[in-house]
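K.L.:
Test case, fold it:
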Amino acid sequence: MIPKSGNRFSDKIMPNNKESFISAAEAKSLFSDLQSFPALLLAVSGGPDSTALLWLAARWRDALKSPPKLIAITVDHGLRKESRAEAAGVARLARKLKVAHRTLRWRGKKPASGLQQAARAARYRLLSDAAREAGASHILTAHTLDDQAETVLIRMSRGSGVTGLGAMARMSSVPGNEESKLVRPLLDIPKSRLIDTLRAAKVPFADDPSNRDPRFTRARLRGLLPQLAQEGLDARRLALLARRLKRADAAIEVVVDQAMDFLAVDAPAPHAMAFEAGGFFILPAEITLRMLGRAVTQVGDEGPVELAKLEALKAALDAALKAGKGRFRRSLAGALVTLAMPQITVERAPPRRGKSLGAKSLTTGRRGRAKRVKSR
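P.N.:
Residues are numbered from 1 along each chain as shown. Just a heads-up that it's a prediction; the model follows:
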């Protein structure tokens with residue numbers, strides 16, 4: 001059984017199902033596209049998922065003639081008294097596997113609310129810094145099929161759009177750091193298979209009781225999965241939904257690229273963007289919402305825009321057009337959106353009182369087309 005306490009590693013481990021073990025051939029397929037990189041950073045907390053990531057990656061590396069260097073990083077958030085012992089356990093396993101290891105600590109005052117979000121941001125910041133120091137452009141995390149299903153449920157509960165419900169990708173940018181890439185090689189693997197693989201190999205792992213703490217949304221939704229599975233909505237079905245929505249999202253993004261190119265007109269200022277209004281208003285709402293989202297995010301200074309705020313802006317534009325108003329203007333996320341027929345202009349909003357206008361570099365294409373952004 002997995003130990004109930006988080007202060008020691010499991011040692012009484014027996015395999016459940018030989019067919020669920022991850023073989024050497026399967027491990028090779030999980031990491032095969034990463035062989036050419038000189039170094040890979042592994043995020044390893046000591047739990048079963050990340051311990052399996054470390055063990056499988058080391059097994060894959062050992063079978064290669066010219067393997068990447070593996071560096072395991074454990075982030076000790078200092079939130080539980082067991083975390084130091086868990087980090088030490090990862091260090092022991094890493095030494096046994098001949099993998100370099102470092103423990104990084106999240107120092108400073110911890111927030112009273114939004115603790116998990118703050119811990120996540122700190123973890124990615126520390127991992128990014130360690131990757132940069134190690135010359136590793138890719139950071140491997142141990143997100144599983146179960147994590148993907150939970151992410152879909154969380155985003156459904158928050159009313160996410162198509163992009164958000166696409167959930168996690170196998171590879172994406174590190175939050176807050178476009179230069180580094182996150183790789184999730186275990187995203188299609190159920191957690192149970194990872195546990196069975198560790199048990200068969202007699203590899204110890206830790207248990208974090210906060211994963212079952214009902215104070216956290218993810219833990220509460222995780223508790224619902226067994227009941228949902230009885231109705232056919234198991235982790236595989238939720239992950240399938242995410243893949244199909246991600247496929248649809250990619251198709252929509254291609255259309256948005258084309259629409260922004262086709263409708264772009266000369267903007268009145270160097271860093272502004274403008275569109276031909278007649279064509280804008282006859283496009284499907286999903287396309288125009290994304291056009292607005294890209295433009296506001298690129299021109300403004302407050303980052304990606306919430307979908308609900310974009311929808312409110314689009315509704316106001318539609319209402320202004322329907323009412324026959326010759327001019328409409330509204331600010332959002334540091335951008336000023338103006339409808340003045342025959343065009344819609346998005347430009348930097350004047351700074352609010354007490355806030356200076358900082359320079360922001362824009363990535364634009366032909367006639368000022370914004371790069372893709374995720375606003376869901």
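K.L.:
Do a quick rundown of the strands in the stretch 1-150 of the chain.
P.N.:
Here the stretch 1-150 of the chain has its strands, by DSSP state E, counting those that start in this stretch, at 39-43, 69-76, 100-105, 138-140.
K.L.:
Redo those as JSON lines? Include mean pLDDT, distance to Ser113 and mean neighbour count.
P.N.:
Just so you know, the C-beta spots here come from the backbone N, C-alpha and C atoms, and that holds for glycine as well. Output for those, formatted as JSON lines (pLDDT from 0 to 100; distance: least, Cβ to Cβ, whole Å; neighbours: other Cβ atoms under 10 Å):
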{"stretch": "strand 39-43", "mean pLDDT": "97", "distance to Ser113": "25", "mean neighbour count": "24"}
{"stretch": "strand 69-76", "mean pLDDT": "96", "distance to Ser113": "21", "mean neighbour count": "22"}
{"stretch": "strand 100-105", "mean pLDDT": "95", "distance to Ser113": "22", "mean neighbour count": "17"}
{"stretch": "strand 138-140", "mean pLDDT": "97", "distance to Ser113": "27", "mean neighbour count": "22"}
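K.L.:
And the ones you listed: which comes nearest Leu228?
P.N.:
strand 39-43 (28.1 Å; Cβ to Cβ).
K.L.:
Give the other helices and strands that that closest one contacts.
P.N.:
Applying 3 or more Cβ pairs under 8 Å, 6 or more residues apart in numbering; DSSP states H and E, one finds that strand 39-43 contacts helix 48-62, strand 69-76, helix 115-134, strand 138-140.
K.L.:
and those, which one is worst for confidence?
P.N.:
With a mean of 90, helix 115-134 has the lowest mean pLDDT of those.
K.L.:
And this protein, what are its domain boundaries?
P.N.:
Here the chain is described, according to automatic domain parsing, as comprising the domains 18-243, 266-368.
K.L.:
In JSON lines: the ones you listed, plus distance to Gln258.
P.N.:
Listed next are the domains of the chain as JSON lines, based on distance: least, Cβ to Cβ, whole Å:
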{"stretch": "domain 18-243", "distance to Gln258": "18"}
{"stretch": "domain 266-368", "distance to Gln258": "9"}
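K.L.:
if you average pLDDT over each of the ones you listed, which comes out lowest?
P.N.:
Looking at those, the bottom one is domain 266-368 with a mean of 85.
K.L.:
For Pro342, find the nearest of the helices and strands packed on strand 39-43.
P.N.:
That would be helix 115-134 among those, by Cβ to Cβ, at 43.4 Å.
K.L.:
Could you pull out the buried residues of that closest one?
P.N.:
Within helix 115-134, the residues that count as buried by 16 or more other Cβ atoms under 10 Å are 116, 119, 122-128, 130-131, 134.
K.L.:
Please apply the same query to stretch 339-348.
P.N.:
By 16+ other Cβ under 10 Å, the buried positions in stretch 339-348 come out as 339, 343-348.
K.L.:
Tell me which stretches of the stretch 251-376 of the chain form helices.
P.N.:
Assigned by DSSP state H, counting those that start in this stretch, the helices in the stretch 251-376 of the chain fall at 277-282, 285-299, 307-322.
K.L.:
So which of those helices has the densest surroundings on average?
P.N.:
Most buried of the helices of the stretch 251-376 of the chain by mean neighbour count (mean count of other Cβ atoms under 10 Å) is helix 285-299; its value is a mean of 23.
K.L.:
Can you tell me how far the closest residue to Lys314 other than its chain neighbours is from Ala112?
P.N.:
Once flanking residues are discounted, Lys314 sits nearest to Leu289: 5.6 Å by Cβ to Cβ, 6 or more residues apart in numbering. The gap separating Leu289 from Ala112 is 35 Å, by Cβ to Cβ, to the nearest Å.
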